[in-house]
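Trainee: A predicted structure for the sequence below; I have some questions about it.
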Amino acid sequence: MFGTGTVRDRPNSVPLVFTGNPQSDLERLTGYVSSYNKDLDGLGPKRARRDSAAAIADKIHRTLRTARHQFMTHHAEWVYSTLATRQSPYRNILDFALEAGVQFPGLVPTSEQYGRERILKQEDKEGHEIDQGIFFHHLLGNRATGPRLLSMLSLPTERARALLPAFETAGVADLGSVHVHRLNNTAFITIYNPDCLNAEDDNLVEDLETAVDLALMDDKVSIGLLRGGVVSHPKYFGERIFSAGINLKALYSGQISYANFVLRRELGFLNKIYRGLNLSPPSPSVSQFERAHIEKPWIAVVDNFAIGGGFQLLPIFDRVIACSNSYFSLPAAQEGIVPGFANMRLQRHFGTTRTRHLVLTGHKLFATDPAALMLIDEVVSPRALDEAIARNIELLGHPAITANRHMLNWAQEPLDSFLSYASEFALAQVDRLYSNDVLARCREFSHRKAAHL
C-alpha cells in the first residue's frame, strides 16, 4: 500500500489506498476526487462561503492534494509517457496540462474547470492551479521526465514557425506587445506594453517567446538584443523603460496564468535564451547533442529601470548594458511572490549575502553603484547608448562566442540543478499565488478599484 488520504469527520469516509498499479491507482484517484468534489460543489462558490464552509473546503483540498502528490510520486514516468504518445508536440505548457486533465481525470483541472476559474478574480478562484503545480513539480523533479519535458518546451512555437518565412524575407515582425526587426546580423526585440511600463502579462510572455524563436531560427541573425520600448505612462511619457516586472493589476484581477505565465516564462522564452532552441521533438533514443539545436548570444539594454521580472531577466544575458540613470530592484517578497529564478542565478553574481538582501528587502540597486558592475557589463550615459550597443554587437560577433557561452552556461547552471530548482519553484510560486496574504492584497485592490468607479 502506497499511501492514504481522507478528510477527518467526513461521514463514511474511506481512506484512499494506492496499490502501485498505475491504471488501477488512476481509477481509484478519479473516483476519490469525484466523490470529494461533490462535497466541494455543495459548499457553493468560494466567495460565498462562511468560515465553517471555508474550513471544510480547505480540508478537502489538502486531502486531495496529498493524494495527488502520492500518485505522482509513484507514477510520474507513466503519466509523462502516456501524454507524450497521445499528442506531441504540444502548442504550449498549458495545453500539456489540460491534456493531462483529459487523460488522468482528477489529477489536474479539466478544461472546463480551468475555464471557469480563468474569468474569476484571483481572490474568488478555487485554486485548481495548485493541482497543476503538484503535477509539474513531480514531472520536473523526476530524473527521467524532467529533461524530456524541458526538451519539449524548448521546441519552437507553432506561431513562430508560421511567421518565420515572412520574417526571414522582411526582417520585421509586429507581434502585438513585442516588435522584432533585423538589422544586419542582430534581431532587435522591443517590448511594447506602453500603458503599464512594459509590465509582463500572459500576452507579453507569448509574444516574447515567439520573438525569441524567430531570432533563433532566422539564419541571418547571429545575435539577439532585448530592450524596452517607449511608454505612455504620464511619469515617463515618451521615455524607454526596460520592464516593470509582473503586471500586478493583471495578477490581482486573476488574469495571470500559472501555466502560461509563471511556467511558460521560465521554461519557455527565458530558457530558450539561456539554453537555446530544439528543432526536433524529444525522443528517449536521441540525445540532446544529436538533435538539431540552436543557441545564439544575447544582449540586454536597460533604460530607466528593470524592476522585478525585468531584473530577473538580466543574469541569463551574455552582455548587459545599462543607462547611468537606471536602477534595479526585486520587490517580489514584498508583493508576496517568488522572483522567478533570481534566487538561484543572482548568487553567481552577487554572492549569498547581497542576493539575500536584494531578494528579501527589495533594495533598490542603482547602475552607478559599484556593486551593480557584478551583473552589468557597461554603464553609459543615455547619449552614449547607441555607440555601446554597436560596440557590444561587434564584441559578440566572433564565431567562437556561441560555443563558449554554451560551455559557460553549462558549467554555471547544470541541467540537474536547473530542474531541481524548477521543481521546487513550481510548487512554491503557485502556493504563493493563492496564499492568504496575496489574496488579501487582491481584495484590497478590488476595493480600491471599486471606490474609483
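Mentor: Done, it's in.
Trainee: and the helix or strand residue 351 falls within, what does it pack onto?
Mentor: If you go by DSSP states H and E, residue 351 is part of helix 347-361. Contacts defined by 3 or more CB pairs under 8 Å, 6 or more residues apart in numbering; DSSP states H and E place helix 347-361 against helix 332-335, helix 342-345. Yep, even glycine has a C-beta here, placed from its N, CA and C like the rest.
Trainee: buried stuff in the first one?
Mentor: If you call a residue buried by 16 or more other CB atoms under 10 Å, then helix 332-335 has these buried ones: 332, 333, 335.
Trainee: so what's the residue lying closest to the second one once chain neighbours are set aside scoring on pLDDT?
Mentor: Put plainly, it is residue 333. In space, and not counting its chain neighbours, residue 333 is closest to residue 360: 5.5 Å by CB to CB, 6 or more residues apart in numbering. On pLDDT, residue 360 comes in at 95.
Trainee: Could you do the one 4 residues further on as well?
Mentor: Here the pLDDT value assigned to residue 364 is 96.
Trainee: which residues sit in contact with the closest residue to it other than its chain neighbours?
Mentor: Spatially, and ignoring its direct neighbours in sequence, residue 364 is nearest to residue 329 (4.6 Å; CB to CB, 6+ apart). Contacts of residue 329 were listed using CB atoms under 8 Å, 6 or more residues apart in numbering, and they are 305, 307, 308, 311, 358, 362, 363, 364, 365.
Trainee: Tell me how many other residues surround the third one.
Mentor: Number of residues near residue 308 (other CB atoms under 10 Å) recorded here: 26.
Trainee: who are the neighbours in contact with it?
Mentor: 243, 244, 245, 246, 329, 330, 331, 332, 335, 339.
Trainee: What's opposite the fifth one in the beta bridge?
Mentor: The reference is to residue 329. Here residue 329 shows beta-bridge partners residue 307, assigned using DSSP bridges.
Trainee: residues in contact with residue 299?
Mentor: Counted by CB under 8 Å, 6+ apart, residue 299 has contacts 223-226, 317-321, 389, 392-393, 396.
Trainee: coming back round to it: check the contacts of residue 308 against residue 100 and report the nearest one.
Mentor: Distance to residue 100, by CB to CB, is smallest for residue 246 among those, at 25.6 Å.
Trainee: Please report the distance of the closest one from residue 158.
Mentor: Per CB to CB, to the nearest Å, residue 246 is found 26 Å from residue 158.
Trainee: Hmm, residue 341 and residue 425 touching each other?
Mentor: Yes: counting by CB atoms under 8 Å, residue 425 touches residue 341, with 7.1 Å between them.
Trainee: How about residue 346: what's its closest non-neighbour residue?
Mentor: residue 355 is the one closest to residue 346 (CB to CB, 6+ apart), at 4.6 Å.
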